[in-house]
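Trainee: only the shape, not the letters, is given here:
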């Protein structure tokens with residue numbers, strides 16, 4: 001299969017709590033290690049990525065974390081200002097319109113405006129160029145919202161194209177939609193745990209991305225999987241040791257559950273599934289992300 005390095009926008013999503021920020025951090029690190037200028041965008045979150053990489057919080061400004069790797073926390077207020085300046089062009093006009101308290105109060109009630117400016121900032125960085133005219137960033141990794149919110153978030157450009165009269169906002173929405181649905185640019189990576197509910201949500205997200213947003217699922221990541229360590233013969237050999245047998249049987253069952261979950265994902269997504277084993281570590285930091293990255297490098301490079 002083609003690796004993610006063939007794409008420029010990597011959208012990472014899944015049910016809340018499955019480790020999508022972990023996967024986003026590992027993928028971003030792998031992209032940077034491949035020599036690509038990489039920006040990881042967290043959408044109005046607690047900035048887990050910089051914390052996982054043991055770096056200071058990036059905040060709303062694009063911040064260099066290490067060689068080839070930048071991060072930004074895309075927040076509504078700062079994104080609103082940047083979007084307003086991009087569309088209105090003039091700082092004084094922006095302040096007159098967007099920083100008027102009464103106007104800002106009513107802006108809160110415009111459907112999808114917050115999602116539009118958040119997504120608009122990410123798409124701006126996707127198209128941003130340097131003085132030489134080349135893209136400022138080779139890879140944008142979007143740590144997208146969790147399943148349900150992800151669909152509404154990524155659907156905003158299409159909704160606006162269909163509902164907003166011709167003008168600056170509709171043109172921006174059309175440009176964003178075209179970038180999102182272009183399979184040569186954008187790839188979705190769905191993250192799940194080897195459990196029934198996260199797997200089902202990943203399948204629902206895949207179907208919604210395909211049918212409502214027209215974004216293709218590139219691959220799935222089955223996070224925190226238990227590898228097979230005990231055979232049936234091992235379990236039989238431990239029959240005379242109840243405590244050891246109980247531990248081995250529990251591990252064996254979790255490993256079997258991971259196999260079933262991976263099979264279900266592959267059959268329904270028609271996309272490869274990459275497994276990340278459960279890591280037993282007292283502190284989840286840089287070393288853990290490096291380990292996760294090692295398991296996901298084939299997804300990035302395409303070398304199986």
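Mentor: Cool, got the structure. Quick caveat: nothing in here was measured; it's all calculated off a predicted structure.
Trainee: give me the most central residue, this protein.
Mentor: Residue closest to the average C-alpha location in the chain (Cα atoms, centre = their mean): residue 12, at 2.0 Å.
Trainee: give me the secondary structure label for that one.
Mentor: Under DSSP: H, G, I helix; E, B strand; the rest coil, residue 12 falls in the strand class.
Trainee: buried ones in the longest helix seen in the chain?
Mentor: Counting by DSSP state H, the longest helix found in the chain is helix 242-269. Using 16 or more other Cβ atoms under 10 Å as the test for burial, helix 242-269 gives 245, 248, 251-252, 254-255, 257-258, 261-262, 264-265, 269. Where you see a C-beta, it was placed from the backbone N, CA and C, and this is true even at glycine.
Trainee: before we move on, what about stretch 132-143?
Mentor: 135, 136, 137, 138, 139, 140, 141, 142, 143.
Trainee: what do you get for stretch 146-156?
Mentor: So, applying 16+ other Cβ under 10 Å, buried residues of stretch 146-156: 146, 147, 150, 151, 153, 154, 155, 156.
Trainee: also stretch 153-166?
Mentor: 153, 154, 155, 156, 157, 158, 159, 160, 161, 164.
Trainee: report the distance from that stretch to the chain centre.
Mentor: Distance of stretch 153-166 from the chain centroid (Cα atoms, centre = their mean, to the nearest Å) equals 22 Å.
Trainee: do the same with stretch 213-221
Mentor: Taking mean C-alpha positions (Cα atoms, centre = their mean), stretch 213-221 and its chain are 11 Å apart.
Trainee: in the stretch 51-200 of the chain, which spans are strands?
Mentor: Applying DSSP state E, counting those that start in this stretch to the stretch 51-200 of the chain gives strands spanning 63-66, 69-74, 139-143, 186-192.
Trainee: one step back: relative to residue 172, which of the buried residues of stretch 146-156 is nearest.
Mentor: residue 156 (10.8 Å; Cβ to Cβ).
Trainee: much appreciated, bye for now.
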